[in-house]
Structures are given as C-alpha cells and as structure tokens.
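Chemist: just need the structure, nothing else, for what follows:
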Amino acid sequence: MPRSPRREGLLIERDTDKAIPTAVGDRLYSTRFFQTFAAVALFMTGNSLQYHFGEYVAGLGHGVDTLGLVLSVSMAGSLLLRLRIGEWIDRLGCKPTWIAGGLVMAGAVGAVQWAESVWLLIVLRTVVAMATAMVMTTVAVFAAQIAPPPRRAESIGILGLAGMVGMTLGPALGDWIFSGPAPSAGAFRTFFTASAVFSLASCAVIAPLKVPGQRRGSQLDDAGRPGVRPIPEVNASQLRVVLRHWPGAVLLVGVAFAMVLCLQMLFLERLADLRGFHDIKAFFLVYCPTAIALRLLLRRMPERVGRGRTLLIGLALEAAGLVFMIGIRGQTQLLLPGLLMGAGHSLIFPSMVDIAAERLPPSYRGTGTALILGAGDLGMLIGYATLGAVIDRWGFDAAIMVLVISVVSAGAIFGYLRRGQVFYGVDIPVAHQEGT
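Modeler: Residues are numbered from 1 along each chain as shown. So this is what the prediction gives:
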C-alpha cells in the first residue's frame, strides 16, 4: 500500500473528491501558508482603504451621524450572514467561499462611487460587509485548520499579521489619494477602483492554492489527527450544537473589541478632519508595526502563559491607548495610542478567536469561528450607531470614554467568569465543552 505523501509538514489524506491537507506534527509554516499571507495582505489593503469612506459621505453633504447609520445598518447584514458563512466553509471548503467573497467585494466597492442616496449607500455597504465577513471568516478557519492544536492561536495570530500589513498600506494610500485641498471626482474614482483591484488580486493569489476545506467528512479529531466525521447537519442541528457549546463571555469581549475597531476604522479619519490635522497614517504606521512585532515576538504567549491571561493583558493595553486618545489635537498625539492599541490588538485577536472556536466540536470549527466574528459584527453594529450618535451630540472625547468603559467591563466579566483558568492556571485547549 503506498504511503500518504507528505509535503511541507502536511499530511495529504485522500478523499473521494479531493486531497484535503491537515496539519500534523509541529510544523506550521509552509509555502502555502505564506502565499495565503500575501492574499490576506492584498485583501486587507483594499479593505482598509475604506477607512476613508467617511470622505465620500462628507463629500455628499452628510455628517458623522449619517456615516454611523450607514455603517451600523450595513453590519446587520453581515451579522445575519455569519452562521451561514460557517456552514458554507464546513460544507464547501475555504477556497470557494474566499473567492466568492473577494469577487463580491470588488463589485460592490467599485459600485459605491456611483451611489449618492443614503439608502443605496446602505445597500452597497451591506454587500461590502457581507463579502468581507466571508473572506475574513475563511482566513480564520484556514489558520486554525493548518496548525497543530497547541499552536492554533499562534497560527491565527501570525496569519493575522497579513491584515496588519494591509492596515498599514491602505490608510497611507488613502491619505495620498485624498492629499489635495478638497477631494475631487477623480480622487473618489481612484479610491474605489483601487480597493476593488486589491480584492481581485487577492482572489488571483488564492485561486491556484489547495486550501484546507471540510468536505465529504474529512476532519480532524479531538487531538488534531486526521479522522472521519460526518458533515454537520445544518439549520436546527447547527443551532443545537451552537447552543450546547455556547462560548460564553468571550463573545462579549468580541463585541467590545469590535466597537473599538469602529473608531479607528472610520471615525478616526473624521476626528482628524474636524480637528484640523487630516492625516491618520501616523496612527497606523505605529499601530500595525507594533502589532506585527509583538505577534512575532510573543507568538507562543497564548500557549505558554494562557490564552485567558493573554486576552486580559491585551484588553488592558487597548483601554490605556483609548485613554491617551482623549483630547488629541495633532497627528503626533496619535503615536502613543497607536502603540498601546497595536500591542493590545496583537494579544487579543488570536486568543479570542481560538477560545471561542474551540468550544464547538472540530467538525463545526467554521461555525465556531463565524460565531466569534459574528460577535464582532454585532459590536460594529452597536459601535457605529452608538459612536455616531454620541459624537454628533457630545463629541469625540465622550465617544472614546464609552469605548473605555466597554472594554474594561468586558474584560472584568470575562476574567470573573473564567477566573479558574485565568488566575489559577494556564488554560489548556479542549476539543469541546460547555461554554463559560
């Protein structure tokens, strides 16, 4: 009997439809991993260009409250789609879901430049949010699938660095596009077209790869070894599994974390414009390299220190960065908040996703990952609406204080409910158990 071929530290297990790579041993990094890294970086560059979307809304004569409304309603569509995305990944595999999301993203973001009414902006931004959810959920599932179980958080974190690369390039490119005294029609065309092109380039990079999927029952067992599990039933069965293995308080962390992202993704540009210093690239030129460096240096911190402890440290850094953002009046004052919040992001995201996703059985990892990212969608829905209203009535400093309270509260609740693991021992990943 011929031996199963081994390439790049991955065992290729034959299936009736196709070969499905799954991680074995301790090998994590491979050519496939770094090609996917490049595809994520391209997608996130185009996506983070949209941090300047407020320029377009302002150019149409609308204020921050309208921007918050458009973005909040658009996140509702993404939230409703999340569990369905997990089902698609579990049934069809990562690559088809990724490519579909990238193509839809390119079409929708390219069409926004012709939308002038608020309702049409809401429709197109909803499609953009849904497409982004498809791609980013796929990335998180892929990162977990190719990693040995003890290194899943590391894999999610390192592959997430590609997003940080995109978050560095996108806002800087947007600053350059809108560097003139007033945004022109040509600048807006360049802005939206560039975002669409980056999304298409991401699809082109990922298309030839054999990305791990979950088709025809080929799965990982509880110890991370190749095994055979039935494809999960959908709808009622899927809901029963989610309720039985509910991740618990970590979802609240996901909501608070996403609310903070609302500020830096779209309201930060409005803050800079209203206070007269316009450029926001200083924040991201510190935020992203800090997050990248710490992800690399501390990539095994969740495994060695414990994911719960790592998560709480990250939340503390995030809250501190927000406090230092209160009252800023110039671009250089964004540097310290960017440093602290970048450090917080680097510690929060991989631990948060892995804690949530592991609570569900391995054959439902796509659904579990979609669940925590869906909590992020809920956070953005709440964040965009709340921040837009608070900024419009009381100003940016009041909105930042709302975020500080949200982050501290979520961390306190999570720490209390998981105090046995956080304060008395390093938490060890388990395949699935009741959520706390």
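Chemist: any idea of the mean pLDDT in the helix or strand where I122 lies?
Modeler: Under the criterion of DSSP states H and E, I122 resides in helix 118-145. For helix 118-145, mean pLDDT is 85.
Chemist: so what does it touch, helix or strand wise?
Modeler: helix 31-49, helix 64-92, helix 94-111, helix 152-177, helix 335-357, helix 365-394 (3 or more C-beta pairs under 8 Å, 6 or more residues apart in numbering; DSSP states H and E). Yep, even glycine has a C-beta here, placed from its N, CA and C like the rest.
Chemist: and those: which comes nearest F284?
Modeler: For the helices and strands packed on helix 118-145, the distance to F284 is smallest for helix 152-177, at 4.6 Å, taking C-beta to C-beta.
Chemist: name the residues of the helix or strand following the closest one that are buried.
Modeler: For helix 152-177, the following helix or strand on the C-terminal side (DSSP H and E) is helix 185-206. By neighbour count on 16 or more other C-beta atoms under 10 Å, the buried set for helix 185-206 is 187-188, 190-192, 194-203, 205-206.
Chemist: give me the neighbour count for T137.
Modeler: 29 (other C-beta atoms under 10 Å).
Chemist: which one is the residue most central in space within the chain nearest to, not counting chain neighbours?
Modeler: With distances taken as C-alpha atoms, centre = their mean, M136 lies nearest the centre of the chain, 5.8 Å away. Closest residue to M136 in three dimensions, ignoring its sequence neighbours and counting by C-beta to C-beta, 6 or more residues apart in numbering: L373, at 6.5 Å.
Chemist: wait, that neighbour sits on T132?
Modeler: No: here L373 lies out of contact with T132, judged by C-beta atoms under 8 Å, at a distance of 10.1 Å.
Chemist: that older thread, now do the helix holding I122 against helix 152-177, angle only.
Modeler: Counting by axes from the mean of the first three to the mean of the last three C-alpha atoms, to 10 degrees, helix 118-145 lies at 140 degrees to helix 152-177.
Chemist: returning to that earlier point: list the contacts for the residue nearest to M136?
Modeler: Taking C-beta atoms under 8 Å, 6 or more residues apart in numbering as the contact definition, L373 lies against 82, 133, 136-137, 140, 254, 353.
Chemist: same deal with V118?
Modeler: 62, 66, 69-70.
Chemist: for V73, see how far away it is.
Modeler: As defined by C-beta to C-beta, to the nearest Å, V118 lies at a distance of 10 Å from V73.
Chemist: closest to L298 among the contacts of L373?
Modeler: Using C-beta to C-beta, those come closest to L298 at V353, 16.0 Å.
Chemist: what does the pLDDT read for that closest one?
Modeler: Model confidence at V353 (pLDDT) stands at 82.
Chemist: again with L252
Modeler: Model confidence at L252 (pLDDT) stands at 93.
Chemist: quick check: closest non-adjacent residue to it.
Modeler: Per C-beta to C-beta, 6+ apart, closest to L252 is A410, 4.8 Å.
Chemist: now do the SS call for that neighbour.
Modeler: helix (DSSP: H, G, I helix; E, B strand; the rest coil).
Chemist: dump the residue contacts of it.
Modeler: A410 neighbours (C-beta under 8 Å, 6+ apart): 249, 252-253, 255-257, 315.
Chemist: please apply the same query to P289.
Modeler: Counting by C-beta under 8 Å, 6+ apart, P289 has contacts 164, 168, 342.
Chemist: just R84 next, same as before
Modeler: Here R84 is in contact with no residue (C-beta under 8 Å, 6+ apart).
Chemist: now swap in S78 and tell me
Modeler: 126, 129-130, 132-133, 377, 380.
Chemist: now with 6 Å?
Modeler: 129-130, 133, 377 (C-beta atoms under 6 Å, 6 or more residues apart in numbering).
Chemist: same check on L161?
Modeler: 292, 295.
Chemist: where does the stretch 101-250 of the chain dip in pLDDT?
Modeler: The stretch 101-250 of the chain contains residues with pLDDT under 70 at 146-151, 153, 181-182, 210-239, 241.
Chemist: quick one: the nearest residue to G157 once chain neighbours are set aside from L268, how far?
Modeler: Spatial nearest neighbour of G157, excluding adjacent residues (C-beta to C-beta, 6+ apart): P350 at 3.5 Å. Distance of P350 to L268, computed by C-beta to C-beta: 24 Å.
Chemist: compare the two (neighbour count), which wins?
Modeler: Neighbour comparison, P350 and L268: the larger count goes to P350, with 30 against 22 (by other C-beta under 10 Å).
Chemist: quick check: the more buried one touching L159?
Modeler: No: applying C-beta atoms under 6 Å as the test, P350 and L159 come out as separate, 9.1 Å apart.
Chemist: re earlier: JSON lines for the contacts of L373, including distance to T310?
Modeler: Shown next, in JSON lines, are these (distance: C-beta to C-beta, whole Å):
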{"residue": "R82", "distance to T310": "24"}
{"residue": "A133", "distance to T310": "25"}
{"residue": "M136", "distance to T310": "21"}
{"residue": "T137", "distance to T310": "22"}
{"residue": "A140", "distance to T310": "17"}
{"residue": "G254", "distance to T310": "15"}
{"residue": "V353", "distance to T310": "12"}
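Chemist: who's in contact with M134?
Modeler: By C-beta under 6 Å, 6+ apart, the neighbours of M134 are 85, 97, 101.
Chemist: residues near the closest residue to it other than its chain neighbours, how many?
Modeler: Nearest non-adjacent residue to M134, counting by C-beta to C-beta, 6+ apart: G101, 3.0 Å away. Using other C-beta under 10 Å, G101 has 25 neighbouring residues.
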